[in-house]
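A.B. asks: predicted structure and sequence below. I'll ask about it afterward.
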Amino acid sequence: MAAVKGLELHPIIRDPFAFVYSRKMLDCDTADVNQLLANYPFIRYNRQSDLGNSTSIILRRFLHDVRDRFEFDSTQTLMDFVQAGEGWSLVTGLCLLQHPELLEGVARVAIASLLPPVPSVEH
């Protein structure tokens, strides 16, 4: 965003992605990501949407070889498939706020806990 004289920008919210999967697939709160990746497809947002584009970037950078099977525009439909054990997905908390019932039977793991640590830089 171009600077506007007299305007200050302040972040007001942070909405990180979470890795979600049905407890039918793996009945524990600590996901064995490799087991899920090997045995279940990724359920993705439409690749032309902002969320679809963001999840594609995460996959390319960190999870690499992921097979996908379904692609949806709607969080509700995507989470219906996750709940049914058809695969796993990446979603944000704000996506789930409208329909908290979508989390019934679904485990969530913060993406940050699945990624390798970022090396710190000393100045």
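C.D. replies: Okay, I see it.

A.B. asks: quick one, what contacts the closest residue to residue 103 other than its chain neighbours?
C.D. replies: Spatially, and ignoring its direct neighbours in sequence, residue 103 is nearest to residue 96 (6.3 Å; CB to CB, 6 or more residues apart in numbering). No exception for glycine: its C-beta is placed from N, CA and C like everyone else's. Neighbouring residues of residue 96 by CB atoms under 8 Å, 6 or more residues apart in numbering: 75, 79, 102, 103.

A.B. asks: okay, now the unreliable bits of the chain?
C.D. replies: Scanning the chain for pLDDT under 70 picks out 1-2, 27-31, 64, 112-123.

A.B. asks: can you get me the start-to-end distance on stretch 96-105?
C.D. replies: 14 Å (CA to CA, to the nearest Å).

A.B. asks: buried residues in it?
C.D. replies: 96, 102 (16 or more other CB atoms under 10 Å).

A.B. asks: all helices of this protein, in order?
C.D. replies: 33-39, 50-58, 75-83, 93-96, 111-114 (DSSP state H).

A.B. asks: for the residue most central in space within the chain, give the beta-bridge partners.
C.D. replies: The centroid of the chain falls nearest to residue 90 when counting by CA atoms, centre = their mean (1.8 Å). Note on residue 90: beta-bridge partners by DSSP bridges are residue 19.
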